[in-house]
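*Asks:* quick one, fold the following:
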Amino acid sequence: MNSYRANKTLPYRVELIRQIKRRRTAVAYALMVALPLIVVAAVKLGPQSNSNSSSGGGESNFGSGSLNLIGLATNGTWNFTLVMLLFGSGFLLTTVFALFTGDTVASEASWSTLRYLLATPVPRRRLLFIKLAVGLTLSLGAITTLVVASLAIGAIAFGTAPLTSPLGGTFESTEALTRIAIITAYIAVTLLFTSGVAFLMTVVTDVPLGAVGTSVMIVIVSQILDALEALGDLRQWLPSHYARAWTDVLAPTIDWTSMARGAAFSVIGFTIFVVWSVLKFDKKDVLS
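*Replies:* Below is the predicted model:
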């Protein structure tokens with residue numbers, strides 16, 4: 001007869017497969033593929049596609065400057081993937097990261113299965129860490145899916161021309177892949193702050209939508225405040241202030257200063273929220 005071992009309860013693999021099978025996971029990953037498809041369709045089928053790609057109209061902000069994003073996106077798969085990361089990092093990826101970590105404990109509570117998990121018995125902290133690990137895995141998988149899908153779709157639609165940096169210079173395939181990988185990793189790290197807030201909310205509330213919505217709302221408010229120049233240097237303490245620091249990767253020589261600050265801010269914030277969540281859940285009266 002096997003003895004009970006707490007570290008063998010709720011295996012990571014079992015929880016991962018369980019979460020992958022959920023409909024919200026399929027929808028989130030489908031959106032990662034749908035975004036580049038929609039942009040390609042808009043460019044190829046839009047009535048203004050020819051004029052937009054050949055003229056300087058339709059300028060959009062990129063980093064600290066402006067350029068024609070559609071014209072940039074149609075200049076090869078590397079540029080297309082870069083623009084998809086720009087589009088996705090603003091709201092879509094924020095929502096997806098919040099979804100995968102915010103809809104964890106709260107969903108179990110809403111289904112009235114949380115108390116049964118804890119009665120297995122699964123130690124509370126192990127439950128939290130497995131849920132968090134699976135949520136982060138799915139989040140990383142989502143942004144990776146966006147990049148891979150964009151590269152594949154962009155190559156078919158626009159070819160494989162070198163990455164043309166809006167900050168000057170071009171990068172061939174190997175260097176372009178390295179730069180895209182760094183940008184992807186940085187965006188994922190900055191979104192840890194969102195994941196941390198969502199994870200705290202999923203412990204506090206029994207409503208999954210409330211946990212996800214609260215974390216997204218906090219990020220949106222931060223973005224609004226960051227746009228207010230009247231706040232001056234206070235904006236450097238906002239979680240969204242360094243969200244676009246990855247544009248420094250597109251310079252001929254990478255400046256890591258802003259990205260290091262942004263990554264440190266996000267990781268520290270994430271750690272604080274996770275610790276807070278654990279301490280909160282240790283004392284939580286689980287009724288559902």
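*Asks:* and residue 108, how far is that from residue 126?
*Replies:* Remark: distance between residue 108 and residue 126 (C-beta to C-beta, to the nearest Å) = 14 Å. Yep, even glycine has a C-beta here, placed from its N, CA and C like the rest.
*Asks:* counting neighbours, go ahead and name the busier of these two.
*Replies:* Comparing residue 108 with residue 126 by other C-beta atoms under 10 Å, the one with more neighbours is residue 108, at 22 against 15.
*Asks:* now the more buried one: how far from residue 128?
*Replies:* Residue 108 sits 11 Å away from residue 128, going by C-beta to C-beta.
*Asks:* repeat that for residue 247.
*Replies:* Distance, residue 247 to residue 128, by C-beta to C-beta: 35 Å.
*Asks:* remind me which residues of this structure are low pLDDT?
*Replies:* 1-8, 46-69, 111-120, 122, 285-288 (pLDDT under 70).
*Asks:* all helices of it, in order?
*Replies:* Remark: helices assigned in the chain by DSSP state H are 12-20, 23-45, 49-54, 69-73, 77-90, 92-102, 105-110, 114-118, 124-158, 173-190, 192-204, 208-226, 257-282.
*Asks:* quick one: closest of those helices to residue 237.
*Replies:* Closest approach to residue 237 among the helices of the chain is made by helix 257-282 (8.1 Å; C-beta to C-beta).
*Asks:* what packs against the closest one?
*Replies:* helix 124-158, helix 173-190, helix 192-204 (3 or more C-beta pairs under 8 Å, 6 or more residues apart in numbering; DSSP states H and E).
*Asks:* can I get the last one in CSV? Just the C-alpha atoms.
*Replies:* Coordinates of the C-alpha atoms in helix 192-204 are reproduced here as CSV (Å, rounded to 0.1, in the frame of the first residue of the first chain):
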residue,chain,number,x,y,z
LEU,A,192,4.2,39.0,-15.4
PHE,A,193,2.9,42.0,-13.5
THR,A,194,-0.5,41.4,-15.0
SER,A,195,-0.3,37.7,-14.2
GLY,A,196,0.6,38.6,-10.6
VAL,A,197,-2.4,40.9,-10.1
ALA,A,198,-4.7,38.4,-11.7
PHE,A,199,-3.4,35.6,-9.5
LEU,A,200,-4.0,37.7,-6.4
MET,A,201,-7.5,38.5,-7.6
THR,A,202,-8.3,34.8,-8.2
VAL,A,203,-7.5,34.1,-4.6
VAL,A,204,-9.5,37.0,-3.3
